[in-house]
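> My questions are about this predicted structure, shown below with the sequence.
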Amino acid sequence: MVFATILSGLAPSFLMVALGGIIRARLSENAWQGLDKLNFEILFPALLFVAASKRPIAFSEVLQIGPAVWAILVLAMLLGWLARPIGPERFLDFAGGWQTVWRFNSAIALVASQTIGPDVIGEMAVAIGMAVPVANMLAVIVLSRGGSLSIFQTISKVVLNPFLLASVLGVTVGLTGITIPAPILAPLEMVAAAAIPIALISIGATMNWSALAKMARFNAYVCLTQLVLVPGVTLVSCLLIVSANGLAPVLILFAALPTASAAHILASGFGADRKLVATLIAQSTLLSAVTLPLWILGIRTLF
């Protein structure tokens, strides 16, 4: 039943990626890059803002869940850095692939949470709200440094990045409890609704499909780290730290998520290898159809 639920949740994403592969020849390379830029500048920022601002966020939840998910992101980042010797030679291309280790798929997170219980769904929403700004900030920093920018230019890139601005603004709205008027929120929701489908189609049009059948060492390590090592360390930590047991289900599930579709958009915006990132996203998502249900079964058994 768990496998069926997860697979049914992943199926639409797989189909949209496949559609991108089918229609890739219908548009030029410049057109696909233009579509990525539209997603980077407007569509995905709208999605991040809407997702973070629609649900009120309590400060007590932030103090409990925030530091834990931030620790998971840093753990993934550190483990991912170990792949530097086997990654792409150009640091910017490596940074594009590296960021996929700590990025996470929010849509799959909410689908998977439903298989555990309503409490986990609410806690996952808080975890996503707390993690998105930090995950984006880390990704923007490494990609900015990959472009050989000065410290001042890197700070400017981070501060003015659309993903980070939208995430921080959305979390601020959630914390303050401000209600956005319907006439303003409605068009934002319409724009946000287009972000994920367009990103998935672009991934399918960009990715190296033959790479799915022959996973390189770098790709294999990235997927292993994200889908096995990070949730494994999180599980052991929750078992050792008694006070973390109450949050264990949401933390382990969060740690086991496949990478985010937005990773491709961000990499493209900075000029990193788009094909590598698109392929990593596809590989991570496909493999998570096996690993994620197993982690959910483990959560149900142990907690």
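Cool, got the structure. Numbers count the residues shown, from 1 in each chain.

> Give the residue spans of the stretch 51-200 of the chain that score low on pLDDT.
Across the stretch 51-200 of the chain, the ranges flagged by pLDDT under 70 are 55, 146-151, 153-154, 157-158.

> can you give me the helices for it?
In order along the chain, the stretch 51-200 of the chain carries the following helices (DSSP state H, counting those that start in this stretch): 59-81, 91-98, 106-113, 118-146, 151-160, 162-176, 182-193, 195-206.

> Buried residues, the first one. List them.
Of the residues in helix 59-81, those buried by neighbour count under the rule 16 or more other C-beta atoms under 10 Å are 61-62, 64-66, 68-70, 72-73, 75-77, 79-80. Bear in mind the C-beta positions are built from the backbone N, C-alpha and C, glycine included.

> Identify, from these, the entry nearest to Gly246.
Sorting the buried residues of helix 59-81 by distance to Gly246 puts Gln64 at the head of the list, at 8.6 Å, by C-beta to C-beta.

> Once you drop chain neighbours, what's closest to that closest one?
Leu247 (6.6 Å; C-beta to C-beta, 6 or more residues apart in numbering).

> Now do the same contact list for that neighbour.
64-65, 68, 123, 238 (C-beta atoms under 8 Å, 6 or more residues apart in numbering).

> Can you report phi and psi for it?
Main-chain dihedrals, Leu247, degrees, to the nearest 10: phi -100, psi 0.

> So for it, what's the pLDDT?
The predicted local distance difference test score for Leu247 is 88.

> Look up how far Ala68 lies from it.
From Leu247 across to Ala68, the span is 6 Å (C-beta to C-beta, to the nearest Å).

> Ala127 too?
Going from Ala127 to Ala68 by C-beta to C-beta gives 8 Å.

> Same question for Val236.
Distance from Val236 to Ala68, counting by C-beta to C-beta: 14 Å.

> swap in Val132?
Computed with C-beta to C-beta, the distance linking Val132 and Ala68 is 15 Å.

> what's the answer for Gly117, then?
Between Gly117 and Ala68 the computed distance is 18 Å (C-beta to C-beta).
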